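Student: Below is the sequence, then the predicted model.
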Amino acid sequence: MEITGFHSLNDLFAQLGLDSEDAAIEAFLDRHHLSGQEQLSEAPFWSDGQRRFLKEAIQDDSDWCEAVDELDTLLRH
C-alpha cells in the first residue's frame with residue numbers, strides 16, 4: 001500500500017491491531033464501507049479502542065492523521 005506522511009496504511013492497520021498485510025487490507029476494504037456523513041470513528045465495525053484512536057488522531061492532527069484520512073477515503077468508494 002501507499003505511504004502517506006509519517007505512517008503508511010499498513011502501519012495504521014498494525015496500530016489498530018488489524019492484519020496489516022496488503023491482501024488483508026484489501027479484504028477489509030471490500031467488507032467495510034462508510035455511508036454519507038458517517039464519521040470514520042463512529043463506524044460500527046471498530047472496537048472502542050480503535051474508535052478512540054481514530055478520533056484522537058484527527059482531533060489532535062497527529063502524525064497518523066494522513067493515514068486515517070486515506071482510510072476514510074478508501075472506505076467511501
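Tutor: Noted; the coordinates are in hand. Numbering: from 1, shown residues only.

Student: doesn't residue 35 fall inside a helix?
Tutor: No - under DSSP: H, G, I helix; E, B strand; the rest coil, residue 35 falls outside any helix and is assigned coil.

Student: mind listing what it touches?
Tutor: Residue 35 makes contact with no residue, according to Cβ atoms under 8 Å, 6 or more residues apart in numbering. Glycine gets a C-beta too; all of them are placed from N, C-alpha and C.

Student: make it 10 Å
Tutor: 43, 75, 76 (Cβ atoms under 10 Å, 6 or more residues apart in numbering).

Student: Any stretches of this structure with poor pLDDT?
Tutor: 1-5 (pLDDT under 70).

Student: Show me where it has its strands.
Tutor: 3-4, 7-8 (DSSP state E).

Student: re the thing from before, which of the contacts of residue 35 count as buried?
Tutor: Among these, those classed as buried by 16 or more other Cβ atoms under 10 Å are 43, 75.

Student: Output the contacts of residue 35 as TSV; include the columns distance to residue 65.
Tutor: Formatted as TSV, the contacts of residue 35 follow (distance: Cβ to Cβ, whole Å):
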residue	distance to residue 65
43	17
75	15
76	17
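
Student: Among the contacts of residue 35, which one lies nearest to residue 16?
Tutor: In terms of Cβ to Cβ, no member of these lies closer to residue 16 than residue 43, at 12.0 Å.
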